[in-house]
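**Student:** Need coordinates for the following:
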Amino acid sequence: MGFTQSVKTCLSKYVVFSGRAQRSEYWWFVLFVVLVSVGLAVLSSVLFDTDPETGQGSNLLNSVFQLAMLLPMLAAGWRRLHDTGRPGWYLLLPMAFSIATMFMLLTGVAVFSALETGVEDPETLRGPAAFLGATGLMVMYAIQLGLSVLMIWWLSRPSQEGTNAYGAQS
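**Tutor:** Next up is the predicted model:
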């Protein structure tokens, strides 16, 4: 499947999470999203002025495009995982882990804040809190990196031949 056909297929299956997507269909669509995003970022910097205080330009066009492409990218990835014989919800693993990491960090901050009120010298808790926080972040980032690499690995695997649990090969 070529570039144009892949883009047409993925956009026509905007929120279709069932079935299968060939490797070429998915990766040509990813390339399309990346190229349009870069183009819109350049166009936004030309069309809209930068904020003199922050030096930041408006990225409105790219943001709207990314929001519009969220569901078709998710659906195409979901179908791509189906094509390799894996459940589509595996695509949500890195995001779910990120949410769990944020929850754990906020819980840790809340716990150490509560402990500070019951200790005579709160400074004694700052060292252990910093150590646990930094160690936890390093472990979480390593796991997140591993999940992201695993996801790219799965998305780049060849299609399962013939029919699998998610339908016939396209």
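**Student:** all contacts plus neighbour counts: C-alpha atoms, from now on.
**Tutor:** Will do.
**Student:** And the host helix or strand of residue 130, what does it pack against?
**Tutor:** With secondary structure defined by DSSP states H and E, residue 130 is part of helix 123-155. If contacts are counted by 3 or more CA pairs under 8 Å, 6 or more residues apart in numbering; DSSP states H and E, helix 123-155 sits against helix 60-83, helix 93-117.
**Student:** Point out the most buried one among those helices.
**Tutor:** Among the helices and strands packed on helix 123-155, judged by mean count of other CA atoms under 10 Å, the one packed with the most neighbours on average is helix 60-83 (a mean of 20).
**Student:** what's that helix in contact with?
**Tutor:** Taking CA atoms under 8 Å, 6 or more residues apart in numbering as the criterion, the residues outside helix 60-83 that touch it are 10-11, 13-23, 26, 29-30, 33, 37, 40-41, 44, 87-91, 154-155, 159-160, 164, 166, 169.
**Student:** Could you tell me the angle between the direction of it and that of helix 123-155?
**Tutor:** Per axes from the mean of the first three to the mean of the last three CA atoms, to 10 degrees, the angle that helix 60-83 makes with helix 123-155 is 60 degrees.
**Student:** helix/strand/coil for whatever residue is furthest in space from the centre of the chain?
**Tutor:** Ranking residues of the chain by C-alpha distance from their mean position (CA atoms, centre = their mean) puts residue 120 at the top, at 43.7 Å. Recorded secondary structure, residue 120: coil (DSSP: H, G, I helix; E, B strand; the rest coil).
**Student:** center of this structure, which residue is that?
**Tutor:** residue 95 (6.1 Å).
**Student:** quick one on the thing from earlier: among the contacts of helix 60-83, which ones are in helices?
**Tutor:** When DSSP state H defines the helices, the subset of the contacts of helix 60-83 inside them is 10-11, 23, 26, 29-30, 33, 37, 40-41, 44, 154-155.
**Student:** and residue 158, what does it touch?
**Tutor:** 23, 84.
**Student:** for it, phi and psi?
**Tutor:** The phi and psi values for residue 158, taken as degrees, to the nearest 10, are phi -60, psi 160.
**Student:** I'd like to know how far it sits from residue 82.
**Tutor:** Using CA to CA, to the nearest Å, one obtains 11 Å as the distance from residue 158 to residue 82.
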